[in-house]
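S.K.: task: produce atomic coordinates for the following.
(one chain, ligands or ions: 1)
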Amino acid sequence: MTGHAVALAGLRRKVFVRLRRLCGRMLECMLSASVSQAMNTSTAYPIGTPGQPWGEAEKAAWRARQRKQRSYADDVLSVIERLRPHFEVRSYGELDYAPDGRYPLFALRSRDWDDALPCALVTGGVHGYETSGVFGALQFAEQHAASYAERINLLVTPCVSPWAYERIHRWNPAAIDPNRSFRANSPAPESAALMSLVAPLRDRFIVHIDLHETTDSDESEFRPALAARDGKTLEPGEIPDGFYLVDDSEQPQPAFQQAVIAAVAQVTHIAPADARGEIIGSPIVAPGVIEYPFERLGLCAGITRARYKTTTEVYPDSPRTTPEACNAAQAAAVCAALDYALTHGG
Ligand SMILES: [Zn+2]
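M.R.: Sure, this is the predicted structure:
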């Protein structure tokens, strides 16, 4: 081999080695891309196309996946029947969700209703899966309501969204969240029915407490479902361990919220803020309290003109609590809210 041939052979070898390295890198890239794609696929919500909002077909597919897991009639209507001697049971509508059935809606109203007295509204089960909201409202009605007789008129709707109660879900059958739908011409019949019930008394309420939960399934099921439904990317969140309240940012009542927190702290632990000083992405304004604009978001807690309004958020998945303690925390929150409103006036 001439010197020239040796140099050429060396150049060829170098080019070959570089090409092999480049191919290796490209292969690596392709492999890692397909792995991450596979991972995305495995973590994506099973309905719809990522990045595209659901249409009617996807909503129907979602509804077809929902199974009845418990009975509104057995768990809720039976208790309402039991309470009939102590309350006026008022029917305020019926949801016809064929083929799943019809769901009558009931409110408990003080038997000794007196137009001279102020009024209180207690709402539970706006999110049907949030069990202690339903049973906390019923527990308050059964164990505590009598002590408010002749002081305040009570209107209690224990289970606003019964189809979702049975399916342990957040939405109604049309994949609509009732608690973003408390607005004129509501797309959610659950929200529309409650708004019609409350409308004649809207200005008479001095206090409204809406009972909710924040659950581990919010992060594992409901937030992924929401992102998929709206064609958005899911940003991972953190579920706080403990009870917290949501106040109305448009009309905050910090002393009222603190009175409720203090009462609930006797029953269950209050959620600490995360490392950013937030609870579910909102800065805490006081221990265990965040704020949302109730009316702007179409939240249930914004449906009255009550001066004192709050949304409870019980955490039932904590190893430090039990279903009984969660129900008791909701009932304690209702009592504290009513006590504060009665003491401080509307
Ligand atoms: Zn809720």
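S.K.: show me where this structure has its strands.
M.R.: For the chain, applying DSSP state E gives strands covering 87-96, 102-110, 119-124, 153-157, 205-213, 244-248, 278-279, 282-283, 289-292, 308-314.
S.K.: so what touches the fourth one?
M.R.: Okay, so that is strand 153-157. For strand 153-157, the external contacting residues (CB atoms under 8 Å, 6 or more residues apart in numbering) are 87, 92, 105-110, 113-114, 117-125, 137, 140-141, 145, 148, 194, 197-198, 201, 204. For the C-beta atoms, the positions are set from N, CA and C on the backbone; glycine is no exception.
S.K.: ok, and of these, which contact the ion?
M.R.: Checked against the ion using CB under 5 Å from the ion, these give no members in range.
S.K.: confidence score at A146?
M.R.: pLDDT for A146: 97.
S.K.: please name the nearest non-neighbouring residue to it.
M.R.: In this structure, A146 finds its nearest non-sequential neighbour in H86, 7.0 Å apart by CB to CB, 6 or more residues apart in numbering.
S.K.: correct me, but that neighbour touches R109?
M.R.: No: the pair H86 / R109 is not scored as a contact, 10.7 Å apart, by CB atoms under 8 Å.
S.K.: tell me the bridge partners for P104.
M.R.: Note on P104: beta-bridge partners by DSSP bridges are E94.
S.K.: what is the burial count for the nearest residue to W113 once chain neighbours are set aside?
M.R.: Excluding the flanking residues, the one nearest W113 by CB to CB, 6+ apart is N153, at 5.1 Å. N153 sits with 22 neighbouring residues when counted by other CB atoms under 10 Å.
S.K.: tell me the confidence at N153?
M.R.: 98.
S.K.: okay, and the beta partners of it?
M.R.: Here N153 shows beta-bridge partners C119, assigned using DSSP bridges.
S.K.: contact partners for the residue positioned nearest the centre of the chain?
M.R.: In the chain, the centroid-proximal residue (CA atoms, centre = their mean) is H127; its distance is 5.6 Å. By CB under 8 Å, 6+ apart, H127 lies in contact with G133, S161, A164, R170, D177, P178, N179, H212, E213.
S.K.: what's the burial count for G101?
M.R.: Count around G101 with other CB under 10 Å applied: 14.
S.K.: next: D317.
M.R.: Count around D317 with other CB under 10 Å applied: 15.
S.K.: residues touching it, list them.
M.R.: Each residue near D317 by CB under 8 Å, 6+ apart is listed here: T215, D216, I239.
S.K.: give me that answer again for 7 Å
M.R.: T215, D216 (CB atoms under 7 Å, 6 or more residues apart in numbering).
S.K.: got the contact list for V207?
M.R.: So V207 contacts A120, A306, Y308, A337, L338, A341 (CB under 7 Å, 6+ apart).
S.K.: show me what from the stretch 201-346 of the chain comes close to the ion.
M.R.: H212.
S.K.: point out where the stretch 201-346 of the chain drops to low pLDDT.
M.R.: Residues of the stretch 201-346 of the chain meeting the criterion pLDDT under 70: 346.
S.K.: re earlier: do you know how far the residue nearest to W113 is from the ion?
M.R.: 25 Å (CB to the ion, to the nearest Å).
S.K.: so A120 makes contact with I152?
M.R.: Yes: with contacts counted by CB atoms under 7 Å, A120 reaches I152, the gap being 5.1 Å.
S.K.: tell me which of these two has more neighbours.
M.R.: A120 (28 against 19).
S.K.: nearest to the ion: which residue in the stretch 1-150 of the chain?
M.R.: Across the stretch 1-150 of the chain, the shortest distance to the ion (CB to the ion) belongs to H127, at 3.4 Å.
S.K.: could you measure that residue against W171, distance?
M.R.: Plainly put, H127 is 9 Å away from W171 if you go by CB to CB, to the nearest Å.
S.K.: need the residues touching each of those two.
M.R.: A164.
S.K.: which residues touch the residue of the stretch 201-346 of the chain found nearest the ion?
M.R.: Proximity of the stretch 201-346 of the chain to the ion (CB to the ion) peaks at H212, 3.4 Å away. When contacts are counted by CB under 7 Å, 6+ apart, H212 is found next to H127, E130, G133, T311, T312, E313.
S.K.: check the gap between V198 and E219 for me.
M.R.: On the measure of CB to CB, V198 and E219 end up 32 Å apart.
S.K.: quick one: which of the two has more around it?
M.R.: V198 (23 against 16).
S.K.: what residues are up against the closest residue to the more buried one other than its chain neighbours?
M.R.: Excluding its sequence neighbours, the residue lying closest to V198 (CB to CB, 6+ apart) is I303, at 5.5 Å. Contact analysis of I303 by CB under 7 Å, 6+ apart lists F182, L194, M195, V198.
S.K.: from the residues you listed, list just the buried residues.
M.R.: F182, L194, M195, V198 (16 or more other CB atoms under 10 Å).
S.K.: now render the residues you listed as JSON lines, adding pLDDT.
M.R.: Formatted as JSON lines, the buried ones among the contacts of I303 follow (pLDDT from 0 to 100):
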{"residue": "F182", "pLDDT": "98"}
{"residue": "L194", "pLDDT": "98"}
{"residue": "M195", "pLDDT": "98"}
{"residue": "V198", "pLDDT": "98"}
